[in-house]
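Q: below are the sequence and a predicted model; questions follow.
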Amino acid sequence: MTGPVTVSITRQVDPSQADQMLAWLRAGIELAERFDGFLGSGWVRPDVASTQWHMLYRFASQEALEAWELSAQRRWWLDSAQGFVDESSREHRTGIEGWFDEPTSVDVQDLRAPAVAPPRWKQMCAIFLVFFPLSVAANYAGKDLAADWWLPLRVLATVAVMTPVMTYLALPWITRLLQPWLNAARRP
């Protein structure tokens, strides 16, 4: 006997098919609710224009999950989405962590090709474009505000301010701005 199992699925859907997707999701939930051990489900999208729909459903045990996943009802439901829904990843998690925490056991199937990171030299250029001006600004501000501080303390204060600015503001902004260049197809 196993504990609860949560399945996390990412599905790709054309945003123009949102109404059909919502109806399809409701139908799937209504079917799953009829199975013993069904504990609940949910879904979320990053925004209304997103093609990604992240879904969770949870069963009381692996056996209950398998009864749903091998059922004729689920097969019919999945077949009804042919042409407008594509599954791109699936993850099985056990225990309460399936809803909130990192899993203790995970079975991941990712059906997409892994994303290719930009070349390191492009990453270096993007980092330089935000690091240099922030460094100049921090050093300029520090020359008057902390001129008499011990050097390691002044550097610590500068790094403590710059790190969150770089991590949460500057690098995400420059990465979005440079995305076409960073992810441009590589020449053979």
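A: Yes, it's here.
Q: so, low pLDDT: which residues of this protein?
A: 1-2, 87-116, 186-188 (pLDDT under 70).
Q: in it, which helix has the most residues?
A: For the chain, the helix with the greatest residue count under DSSP state H is helix 120-145.
Q: domains of the protein?
A: For the chain, automatic domain parsing gives the domain ranges 5-110, 120-182.
Q: quickly compare these and say which is most buried.
A: Among the domains of the chain, domain 5-110 has the highest mean neighbour count (mean count of other Cβ atoms under 10 Å), at a mean of 15. To be clear about C-beta, it is placed using only N, CA and C from the backbone, and glycine gets the same treatment.
Q: that older thread, tell me which other helices or strands the next helix or strand after the longest helix of the chain touches.
A: Next helix or strand after helix 120-145 toward the C-terminus (DSSP states H and E): helix 151-164. Under the contact criterion of 3 or more Cβ pairs under 8 Å, 6 or more residues apart in numbering; DSSP states H and E, helix 151-164 touches helix 120-145.
Q: by contact count, what packs against the helix it packs on?
A: On a contact count with 3+ Cβ pairs under 8 Å, 6+ apart, helix 120-145 meets helix 151-164, helix 171-182.
Q: out of the ones you listed, the one nearest residue 31 is which?
A: helix 171-182 (39.6 Å; Cβ to Cβ).
Q: using CSV, list the CA coordinates for that closest one.
A: The C-alpha coordinates for helix 171-182 follow below in CSV (Å, rounded to 0.1, in the frame of the first residue of the first chain):
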residue,chain,number,x,y,z
LEU,A,171,19.6,40.0,-15.4
PRO,A,172,15.9,39.0,-16.1
TRP,A,173,15.4,42.3,-17.9
ILE,A,174,18.5,42.0,-20.1
THR,A,175,17.8,38.3,-20.8
ARG,A,176,14.3,39.2,-22.0
LEU,A,177,15.7,42.1,-24.1
LEU,A,178,18.4,40.0,-25.6
GLN,A,179,16.4,36.8,-26.0
PRO,A,180,16.3,36.8,-29.8
TRP,A,181,20.1,37.2,-29.9
LEU,A,182,20.8,34.8,-27.1
